[in-house]
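Enquirer: Let's see this in three dimensions:
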Amino acid sequence: MFHRIIWIILDSVGAGELPDSDKFGDKGADTLGHIFEKIQGFDLPNMRRLGLGNIDGLDKIPSVKEPVGIYGKAMEVSNGKDTTVGHWEMTGIYTRDRFPTYPDGFPDDIIDKFIENSKIPGILCNKAASGTEVLKEYGQIHVTTKKPIVYTSADSVFQIACHEKVYPPKALYDMCQIARKILQGKDRVARVIARPFVGDNGDYQRTSNRRDFSVEPEKGNLLEILSDNNIPVYAVGKIGDIFCNTGIYQSIHTNDNMDGVNKTIELMHSIEKGLIFTNLVEFDSKWGHRRDLKGYAKGLVDFDNRLPEIIRAMKPQDLLIINSDHGCDPTFKGTDHTREYIPVLIYGENAKHNVNIHILKSFADIGQTIANNFGLEIKHGKTISCEIK
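Expert: Reported below is the predicted structural model:
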């Protein structure tokens with residue numbers, strides 16, 4: 001048994017179109033492949049050393065002769081391509097029906113209830129839009145009128161942007177909780193997201209005080225089962241938000257990817273047992289949705305440069321798992337997530353080396369592997385054989 005598992009999610013780092021990608025409008029998407037193809041001199045040597053370029057179908061990524069990790073990719077069973085659905089599937093929850101989306105904005109009855117219950121003077125925007133563009137278009141009006149900016153995207157989200165001097169983060173979070181209670185039944189969106197920002201005179205920037213208010217996950221997921229069996233779960237980044245803090249011993253919010261890596265390593269130096277579950281969100285929120293190819297590439301290089309530091313902090317009975325939750329190809333049309341395989345890399349001093357696990361039939365195989373390590377079981381998924389017998 002591995003005493004500690006360090007599970008790092010590279011949010012949106014997809015590994016090529018899934019067979020059903022055409023049903024989601026994503027035929028041809030390939031987050032990692034297109035970055036390697038289009039950025040001259042781009043390389044991720046430390047992840048390649050674990051086996052990234054040896055994964056079936058990742059032909060645009062150079063392979064290595066003797067990878068030191070276990071490597072492969074996983075298919076998504078659930079009907080979606082977003083953060084909530086992806087993370088839930090990893091922990092054993094299959095989502096059969098898509099969460100509702102509102103490409104034309106939210107209906108009047110929802111907005112009217114939100115305004116009345118929040119006791120605000122009204123709202124601005126109410127359409128599908130880029131988070132940075134809404135600040136340019138509505139930021140100054142918001143500051144003047146004190147009307148929150150409400151918008152959505154191709155995802156199932158109800159997003160509320162407010163200047164921190166107009167509505168401090170706590171007041172914005174309270175608004176999000178009100179919206180969360182309203183958005184139920186047929187309007188049960190996956191996430192209500194607080195999008196605080198700062199700045200003056202039209203020069204506005206979003207802050208790290210973002211919070212996600214997700215639908216509560218089903219019972220029997222991996223985190224809850226671990227918690228019920230006295231295996232502590234330490235959530236780094238937005239993991240706590242995604243799972244409504246159910247089954248989580250400690251939730252630690254982060255400012256950016258590198259802060260997420262720092263917090264993960266700090267936990268590795270301080271805890272003796274359990275699961276460290278980290279989400280690095282900037283690949284998705286900062287570069288993927290904005291179709292910032294160069295920024296995405298640099299973010300991957302920055303993480304790859306920190307990977308040896310993470311490995312040095314590991315103990316002999318540790319297991320490191322790196323994977324994604326969906327794609328968000330920065331070279332693809334639009335600004336939406338992309339329906340892709342996710343890469344899976346596993347490494348440990350006492351884990352098997354140079355093992356190709358090919359294509360996992362579900363993200364839940366990762367969660368089942370973690371559960372099995374601690375002598376437990378979740379509803380879905382098959383165990384990946386990792387430990388040297």
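Enquirer: Run through the strands of the stretch 201-350 of the chain in chain order.
Expert: Listed in chain order, the strands of the stretch 201-350 of the chain (DSSP state E, counting those that start in this stretch) span 203-206, 211-214, 233-236, 250-252, 274-280, 318-323, 342-347.
Enquirer: mind checking which of those strands is nearest residue 149?
Expert: Closest approach to residue 149 among the strands of the stretch 201-350 of the chain is made by strand 203-206 (10.4 Å; CB to CB). To be clear about C-beta, it is placed using only N, CA and C from the backbone, and glycine gets the same treatment.
Enquirer: Distance from the closest one to the middle of the chain?
Expert: 23 Å (CA atoms, centre = their mean, to the nearest Å).
Enquirer: do the same with stretch 24-33
Expert: In terms of CA atoms, centre = their mean, the gap separating the centre of stretch 24-33 from the centre of its chain is 17 Å.
Enquirer: so for it, what's the average pLDDT?
Expert: Averaging pLDDT along stretch 24-33 gives 97.
Enquirer: Also stretch 62-71?
Expert: Averaged across stretch 62-71, the pLDDT comes to 98.
Enquirer: Span of that stretch from start to end?
Expert: 14 Å (CA to CA, to the nearest Å).
Enquirer: Which positions within stretch 1-21 qualify as buried?
Expert: 2, 4-18, 21 (16 or more other CB atoms under 10 Å).
Enquirer: Now the terminal residues of it, how far apart.
Expert: Using CA to CA, the gap from the first to the last residue of stretch 1-21 comes to 37 Å.
Enquirer: again, but for stretch 53-73
Expert: Start-to-end span of stretch 53-73 (CA to CA) is 11 Å.
Enquirer: Give the buried residues for it.
Expert: Those would be 53-55, 58, 61, 67-73, for stretch 53-73 by 16+ other CB under 10 Å.
Enquirer: same check, this time on stretch 253-263
Expert: Along stretch 253-263, these residues count as buried under the neighbour rule (16+ other CB under 10 Å): 253-254, 256-263.
Enquirer: In helices, which of those appear?
Expert: Under the assignment DSSP state H, those contribute 257-263 to helices.
Enquirer: What residues of stretch 121-131 count as buried?
Expert: Going through stretch 121-131 with 16+ other CB under 10 Å, the ones that come out buried are 123-126, 128-129, 131.
Enquirer: just stretch 99-110 next, same as before
Expert: Across stretch 99-110, burial judged by 16+ other CB under 10 Å covers 99, 101-102, 105-106, 110.
Enquirer: could those residues go into CSV alongside pLDDT and secondary structure?
Expert: Supplementary listing: those in CSV, determined by pLDDT from 0 to 100; DSSP: H, G, I helix; E, B strand; the rest coil:
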residue, pLDDT, secondary structure
99, 93, coil
101, 94, coil
102, 96, coil
105, 97, coil
106, 98, coil
110, 98, helix
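Enquirer: Tell me which two in those residues are the farthest apart.
Expert: The two members of the buried residues of stretch 99-110 with the most space between them (CB to CB) are 99 and 105, at 16.4 Å.
Enquirer: can you list the weak-confidence ranges in this structure?
Expert: Low-confidence segments of the chain, defined by pLDDT under 70, are located at 389.
Enquirer: where along it do the helices fall?
Expert: Remark: helices assigned in the chain by DSSP H are 31-38, 45-50, 83-90, 108-118, 131-145, 169-182, 222-228, 239-242, 257-268, 282, 293-312, 364-373.
Enquirer: Can you tell me which of those is most buried?
Expert: For the helices of the chain, the stretch with the most neighbours on average is helix 83-90, a mean of 27; neighbours defined as mean count of other CB atoms under 10 Å.
Enquirer: hey, C-alpha coordinates of that helix in CSV?
Expert: Coordinates of the C-alpha atoms in helix 83-90 are reproduced here as CSV (Å, rounded to 0.1, in the frame of the first residue of the first chain):
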residue,chain,number,x,y,z
THR,A,83,-14.9,20.6,-14.6
THR,A,84,-17.7,19.3,-12.4
VAL,A,85,-18.5,16.3,-14.6
GLY,A,86,-14.8,15.4,-15.2
HIS,A,87,-13.8,15.6,-11.5
TRP,A,88,-17.0,13.7,-10.4
GLU,A,89,-16.3,10.9,-12.8
MET,A,90,-12.7,10.5,-11.5
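Enquirer: Check which helices and strands that helix sits against.
Expert: Counting contacts by 3 or more CB pairs under 8 Å, 6 or more residues apart in numbering; DSSP states H and E, helix 83-90 packs against helix 239-242, helix 364-373.
Enquirer: elements contacting the first one?
Expert: Under the contact criterion of 3+ CB pairs under 8 Å, 6+ apart, helix 239-242 touches helix 83-90, strand 211-214, strand 250-252, strand 274-280.
Enquirer: The ones you listed into CSV, with extra columns for distance to residue 166?
Expert: Supplementary listing: those in CSV, determined by distance: least, CB to CB, whole Å:
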stretch, distance to residue 166
helix 83-90, 27
strand 211-214, 17
strand 250-252, 27
strand 274-280, 28
